[in-house]
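Okay, structure incoming, though there's no sequence with it:
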């Protein structure tokens, strides 16, 4: 028998809605741009951040990757907004947000409330007003948000890493085993059941008392720290 031959493994996953299935594709692309090739080399995202050249980052992809997938990854690799990270509304938010609605700015009562408070404040001049707005945008970027299951917009923007990818597959396989083939009266009922399972799963203690949520948040914070370091090094070498 020949050893070490490639093995094709087929996995059948189950999603309560078409939207969650489509969002899972985006989630996996976010995992992909954060994948570190080997050692401490730069990921695709880090190459784009350090060079400002999205095409150089995309050159790391195998030639077999479909054009549509390349286009979606190109969007993910674009420079982040200088002010408020509104692009976070269009990211997957990872496994913690896979089954939540696609919220947008029009529904964001948190930001609306922050702006209303600012507008109720008197400023001596336009410069001070603009500085206050910039500070408010950064506060929004780095504050846990209910739209994103308690992740900050910055954590949503950076995407997930290898540990979250493994956790996401674990949960998706679990719900496939538990719920696939189970009759539901409506798509809404199926969605509610999955969200309840997700919220319980994310709080299950693992080694050293860490829960999936804590692992995911810590990994995204680590990716944000790597991003800050890469950008600082790029600035110093410019």
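Ah, there it is. Computed from a prediction, not measured in an experiment: that's the story for all the values here.

buried stuff in the lengthiest helix in the chain?
As assigned by DSSP state H, the longest helix anywhere in the chain is helix 212-237. Neighbour counts over helix 212-237 (16 or more other Cβ atoms under 10 Å) mark 212, 213, 215, 216, 217, 219, 220, 223, 224, 226, 227, 230 as buried. Just so you know, the C-beta spots here come from the backbone N, C-alpha and C atoms, and that holds for glycine as well.

Repeat that for stretch 176-191.
179, 190, 191.

Over to stretch 118-138?
Per 16+ other Cβ under 10 Å, stretch 118-138 contains these buried residues: 133, 136, 137.

out of the residues you listed, which are inside strands?
By the criterion of DSSP state E, membership of those in strands covers no residue at all.

mind listing which of the residues you listed are in helices?
When DSSP H defines the helices, the subset of those inside them is 133, 136, 137.

give the contact list for the last one.
Under the criterion of Cβ atoms under 8 Å, 6 or more residues apart in numbering, the contact partners of residue 137 comprise 83, 84.

next one: residue 102
Taking Cβ under 8 Å, 6+ apart, one finds 19, 23, 89 in contact with residue 102.

and which of the buried residues of helix 212-237 is nearest residue 57?
Proximity of the buried residues of helix 212-237 to residue 57 was ranked by Cβ to Cβ; the top entry is residue 230 with 11.9 Å.

Let me know the pLDDT of residue 181.
We note a pLDDT of 66 for residue 181 in this prediction.

what does residue 135 give?
Looking at residue 135, its pLDDT reads 91.

do the same with the one 4 residues further on
According to the predicted model, the pLDDT of residue 139 comes to 95.

Could you do residue 9 as well?
Residue 9 is assigned a pLDDT of 43 by the prediction.
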